[in-house]
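S.K.: Make a model of this:
(chains A, B, C and D)
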4 protein chains.
Amino acid sequence: MPRGAQVIYPKDLAPICMLADIGPGDRVLESGVGSGALSMTMLRWGAEIVGYELREDFANRAVTNVRSFLGEDALSRYRVELRDCYEGIDETDVDRVVLDLPEPWRVVPHLAGALRPGGIFIAYTPSIVQAAQVRQSLGGSGWIMQRTLEVLHRTWHIEGAAVRPDHRMVAHTGFLTVARYIGR
Amino acid sequence: MPRGAQVIYPKDLAPICMLADIGPGDRVLESGVGSGALSMTMLRWGAEIVGYELREDFANRAVTNVRSFLGEDALSRYRVELRDCYEGIDETDVDRVVLDLPEPWRVVPHLAGALRPGGIFIAYTPSIVQAAQVRQSLGGSGWIMQRTLEVLHRTWHIEGAAVRPDHRMVAHTGFLTVARYIGR
Amino acid sequence: MPRGAQVIYPKDLAPICMLADIGPGDRVLESGVGSGALSMTMLRWGAEIVGYELREDFANRAVTNVRSFLGEDALSRYRVELRDCYEGIDETDVDRVVLDLPEPWRVVPHLAGALRPGGIFIAYTPSIVQAAQVRQSLGGSGWIMQRTLEVLHRTWHIEGAAVRPDHRMVAHTGFLTVARYIGR
Amino acid sequence: MPRGAQVIYPKDLAPICMLADIGPGDRVLESGVGSGALSMTMLRWGAEIVGYELREDFANRAVTNVRSFLGEDALSRYRVELRDCYEGIDETDVDRVVLDLPEPWRVVPHLAGALRPGGIFIAYTPSIVQAAQVRQSLGGSGWIMQRTLEVLHRTWHIEGAAVRPDHRMVAHTGFLTVARYIGR
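M.R.: This next block holds a predicted model:
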C-alpha cells in the first residue's frame, strides 16, 4: 500500500501563510505539494500556485482535493507539474517559494532568477539539522531577515474550577525557516 | 496623550484567521477593531467586515490603516460603527464573530440571531480568567467544538555549530477561545 | 477499589526541592503525603519531615515506601500523622511548608506560628484557579518573593540526522506557588 | 578583564541532580566546575565530588564558594584538580559523571573504567548540535536509557483577575543529555 503524503498540520498552515506573507495575486512556487493541504490554504487566501511534485499520485490527489474543497474555479490558479525541484526551476520572478522537501537546501542555488528580489522563501523541515542546513545554504549575502522558528499550540482544559493546560500536547511538527531575497 | 490601541501580535493573527476559518466572502462581525491589525489580515484573506468600536480615534485610524495598506477598494468590504458591542448586535446571520474586548462574555447573549447556525465565534483575551468566563458563558448547549489555546513561537539562533533556541522569547500574548454555534 | 494517591511527577520533585530550598536538617511540614514520592525526595536530600495525611492507607504506604527505598534509618526523620491540615498545625517554627492539597489556601491562616519567619511555603496545584486562590490568600503583607510557575520538560528525539523534539510531550502536571514568610 | 565562568541556571541545577540521581554518598566526577554552582547543589544533597577544572581562577573560586555557602566541613567531600578532562580520568568506579564542557563527547571514550557499571552520565550543552554529538559518541551499546531534554520554567503573573503567563520568559539555557552505563 502506498504511503500517503505527510501532511502539514493546521497549526503550521496559517503561520506559513503569515510568514510568507501570502495574499491575493501572489505568485507562489510550492514543492512538494503532497496532499495539497498547504496549497488549499494559500489558494483560499488568494495565491496563484505552480506546484512541483515528484509523485504522480500525490499530484493527482492534490488537484482533486483543491477541486473538491475550493471548486473548479480555484484550478485556474493552480497547476501541478511532475518534476523534481532539486534539478531546477523554470518559473521566473515568482513572489514566494514554499518548500516542504527533505533537502530544501538543494533548491536554494536555483532561487536566483526564480524568486524576484524582495520575494520570500520558506522551508518546513521536521529536523533542526535540516533547518540548520537550509540556513547555511542561504549564507550571509543575498538573503535578509533570516529566521527559524517553531509554532506551538498549548490547549487548555476548562471545566468549572478545573482550569489547566491539557495534560498532553503536540510538542513538535516542524521548523519553519524564512528569509527574504534581496538579489545579488 | 491618548493611549494607542492594544495590538494583536502577528503570531496570533494568522491562527485567529485559521481557527475562525476566514475566507473569501465570509461576513465577519469584529469588535473592537483597535488599530485594525486583525481587520487588515481578515480583509486581505477575503472577509467582509462590520466593526463595532467604542472609540472614534481607534475607528478612524483602523479605516486609515486599511486604506493605506490594502487600498481604497478594500473599504467596500469594511465598515466601522461607533458603538458598544456589549449592548447588542444589529447584524444578523453573520458567518463569524471575532472579539478582542475586555469582557467578551457580555456579547455572548447577543449572538443568537447575530451569528448564523454553523458560524464560528472567537475571542482573544490576555487573562485565563477571562477565557474561563467566556467558556462559562457559552455553556453546554448551542455551542460545539469549544476550545481554548495559546499560540507560542519559539525562535532559534542558528550560527554555525551554535544551534539553539533564542535565550528569551515572547511567552504570552493572549488566549484564543473558539466555538462553533449550532443554534438553539 | 480505592483510588491510589495522585503522584507528583519526577519533573516536579526536584524543582519543588530547589524552590523550597530543601537541605540537610531542614524541618518540613508536608501535607498530604500521598504515596510518599515527594517525602522520599526531600528525605534523601536531608529534610526532617512531619507529614499530615487524612487517609490511613496513604500514610501507611508512604511510610512503607520510605522504609523500602531509603532504609529504616530514614524513618528517624519521618513521622506521618493522621490529621487534617485545614484544621490547624501543631508544629511550630518549621523551616518549610510543602502542600499537595486541593485547597491549600485553607492552610495559609494557620501558618503564622507554624512557619518560622524566613521560612518557605510551596503549594502544588493542578488548576491555575487554585494557584490564584493561594496567591490571594497570601495577600500583600507577611509574604515576599511570591511566584507561581510551571515546569516543562521537552524531550528530544536524536537519531542520526533526525534531531527534533519528540512529537508529543507531557504538557501539564501542576502549578508551583512559592513564597517566603517574613512574619507579621 | 577575565570572563567569569558561565553559570548553570537554578532551573537546571535541580533537574540535573534528579536525572543524575544524586544522593548521599554518591561519588561524582564533575568537569568543569566553573563557579561551583552545580558543585554546591550536589554537595548539599550529599555527593562526594572530584572536580576537574582547567582554569585555576575558576577552581579557586569554586572552592571558596563551597566554603562560604556550605561551610568548612563540606570541603571534606570536595576536591578540585587542575586538569583537562579531555585527556583522561584517573578516578575509577565513580557513581556519576557530570559534564559542563564545550565538547563532552571527547570525555566519553575515557568513561570505561572511570564510571562504574550502573552509573549515570549527564552532559549540559547550550547547542543541540553538541547534544547530538554526545548522543553519537555514546553509540548503541554500553549505554541505556539515553535521553536529551530541555527544562523550561513558565512563570505566571497573578494579580486579581489578571492571571496570565508572564509576557517574556527564559526560553533556553541548555540541553541535558543523560545515559546509564551498563559496561562493556
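S.K.: contacts and neighbour counts: CA atoms only from here.
M.R.: Fine.
S.K.: Most distant residue from the centre of chain A?
M.R.: residue A:161 (40.4 Å; Cα atoms, centre = their mean).
S.K.: Return the distance of it relative to residue D:159.
M.R.: In this structure, residue A:161 and residue D:159 are separated by 18 Å, where distance is defined by Cα to Cα, to the nearest Å.
S.K.: Same check on residue A:64?
M.R.: Relative to residue D:159, and taking Cα to Cα, residue A:64 is found at 53 Å.
S.K.: With neighbour numbers in mind, choose between the two.
M.R.: Neighbours around residue A:64 and residue D:159, counted as other Cα atoms under 10 Å in any protein chain shown, are more numerous at residue A:64. The numbers are 17 against 11.
S.K.: mind checking the SS state of the more buried one?
M.R.: Following DSSP: H, G, I helix; E, B strand; the rest coil, residue A:64 is assigned to helix.
S.K.: Residue A:55 contacts residue A:82, correct?
M.R.: Yes - taking Cα atoms under 8 Å as the contact criterion, residue A:55 and residue A:82 are neighbours in contact, 6.9 Å apart.
S.K.: which residues of chain A score low on pLDDT?
M.R.: Chain A contains residues with pLDDT under 70 at A:1-5.
S.K.: where does chain A come near chain B, residue by residue?
M.R.: Residues of chain A found near chain B, taking Cα under 8 Å from any Cα of the partner chain as the criterion, are A:10-11, A:14-15, A:17-18, A:23-24, A:44-46, A:132, A:135-136, A:147-158, A:160, A:163.
S.K.: Strands of chain A, residue ranges please.
M.R.: When assigned using DSSP state E, the strands of chain A occupy the ranges A:27-31, A:48-53, A:78-82, A:94-99, A:115-125, A:143-159, A:162-165, A:168-170, A:175-181.
S.K.: most neighbours per residue, which of those strands?
M.R.: For those, the stretch with the most neighbours on average is strand A:27-31, a mean of 26; neighbours defined as mean count of other Cα atoms under 10 Å in any protein chain shown.
S.K.: and that one, which strands flank it?
M.R.: Strand A:27-31 has these partner strands in its sheet, going by DSSP bridges: strand A:48-53 (parallel), strand A:94-99 (parallel).
S.K.: Output those in CSV; the columns should cover distance to residue C:127.
M.R.: Supplementary listing: the strands paired with strand A:27-31 in CSV, determined by distance: least, Cα to Cα, whole Å:
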stretch, distance to residue C:127
strand A:48-53, 46
strand A:94-99, 41
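S.K.: Which residues are in contact with the residue nearest to the spatial centre of chain A?
M.R.: The centre of chain A sits closest to residue A:98, judged by Cα atoms, centre = their mean, with a distance of 4.0 Å. Shown in contact with residue A:98 (Cα atoms under 8 Å, 6 or more residues apart in numbering or on different chains): A:20, A:28, A:29, A:30, A:31, A:121, A:122, A:123.
S.K.: In these, find the pair that's most separated.
M.R.: Between all members of those, the longest pairwise span (Cα to Cα) is found for A:20 and A:31 and amounts to 14.3 Å.
S.K.: shouldn't residue A:56 be in contact with residue A:83?
M.R.: No - the pair residue A:56 / residue A:83 is not scored as a contact, 9.4 Å apart, by Cα under 8 Å.
S.K.: who's more crowded, those two?
M.R.: In this comparison of residue A:56 against residue A:83, neighbours counted by other Cα under 10 Å, the higher total goes to residue A:83 at 17 against 13.
S.K.: Phi, psi for residue A:101 please.
M.R.: Here the main-chain torsion angles of residue A:101 (degrees, to the nearest 10) amount to phi -130, psi 160.
S.K.: Apart from its neighbours in sequence, what residue is nearest it?
M.R.: Among residues not flanking residue A:101 along the chain, residue A:32 sits closest, at 6.0 Å (Cα to Cα, 6 or more residues apart in numbering or on different chains).
S.K.: Same question for residue A:25.
M.R.: By the measure of Cα to Cα, 6+ apart, the closest residue to residue A:25 outside its immediate chain neighbours is residue A:47, 5.4 Å from it.
S.K.: Next, the one you found: phi, psi?
M.R.: Backbone torsions for residue A:47, taken as degrees, to the nearest 10, come to phi -70, psi 160.
S.K.: show me what contacts it?
M.R.: By Cα under 8 Å, 6+ apart, the contact list for residue A:47 reads A:22, A:23, A:24, A:25, A:26, A:27, A:28, A:77.
S.K.: just those residues now: which is nearest residue D:69?
M.R.: Nearest to residue D:69, judged by Cα to Cα, of the contacts of residue A:47 is residue A:22 at 57.6 Å.
S.K.: The closest one and residue A:183: what is the separation?
M.R.: Here the criterion is Cα to Cα. By it, residue A:22 lies 20 Å from residue A:183.
S.K.: check contacts around the closest residue to residue A:44 other than its chain neighbours.
M.R.: Using Cα to Cα, 6+ apart and skipping residues adjacent in sequence, the residue nearest residue A:44 is residue B:23, 6.4 Å away. Under the criterion of Cα under 8 Å, 6+ apart, the neighbours of residue B:23 are A:44, A:45, B:42, B:45, B:46, B:47.
S.K.: Apply 10 Å and report the result again.
M.R.: For residue B:23, the contact set (Cα atoms under 10 Å, 6 or more residues apart in numbering or on different chains) comprises A:41, A:44, A:45, A:46, B:17, B:42, B:43, B:44, B:45, B:46, B:47, B:48.
S.K.: wait, which of these is closest to residue D:117?
M.R.: Set against residue D:117, the nearest of the contacts of residue B:23 by Cα to Cα is residue A:41 (54.4 Å).
S.K.: Name the nearest residue to the closest one, sequence neighbours excluded.
M.R.: Once its chain neighbours are removed from consideration, residue A:41 has its nearest residue in residue A:13; the separation is 7.0 Å (Cα to Cα, 6+ apart).
S.K.: separation between the one you found and chain C?
M.R.: Between residue A:13 and chain C the computed distance is 17 Å (Cα to the nearest Cα, to the nearest Å).
S.K.: before we move on, the earlier item: is it true that the residue nearest to residue A:101 touches residue A:55?
M.R.: Yes - in this structure residue A:32 lies within contact range of residue A:55 using Cα atoms under 10 Å: 8.9 Å.
S.K.: Compare these two (neighbour count), which wins?
M.R.: Comparing residue A:32 with residue A:55 by other Cα under 10 Å, the one with more neighbours is residue A:32, at 26 against 16.
S.K.: Against residue A:131, how distant is the more buried one?
M.R.: If you measure residue A:32 against residue A:131 using Cα to Cα, the figure is 17 Å.
S.K.: Likewise for residue A:101?
M.R.: Between residue A:101 and residue A:131 the distance is 11 Å, computed by Cα to Cα.
S.K.: Could you tell me which residues touch both of the two?
M.R.: Here residue A:101 and residue A:131 have A:123, A:124, A:125 as joint contacts, going by Cα under 10 Å, 6+ apart.
S.K.: Need these in a markdown table (columns: distance to residue D:117).
M.R.: What follows is the shared contacts of residue A:101 and residue A:131, written out as a markdown table (distance: Cα to Cα, whole Å):
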| residue | distance to residue D:117 |
| --- | --- |
| A:123 | 44 |
| A:124 | 42 |
| A:125 | 39 |
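S.K.: Nearest to chain C among those?
M.R.: Of all these, residue A:125 has the smallest distance to chain C: 9.8 Å, by Cα to the nearest Cα.
S.K.: hang on, isn't that closest one packed against residue A:101?
M.R.: Yes - here residue A:125 lies in contact with residue A:101, judged by Cα under 10 Å, at a distance of 7.3 Å.
S.K.: Around chain D, pick out the residues from chain A.
M.R.: A:128, A:129, A:132 (Cα under 10 Å from any Cα of the partner chain).
S.K.: Drop anything exposed from the residues you listed.
M.R.: A:128, A:129, A:132 (16 or more other Cα atoms under 10 Å in any protein chain shown).
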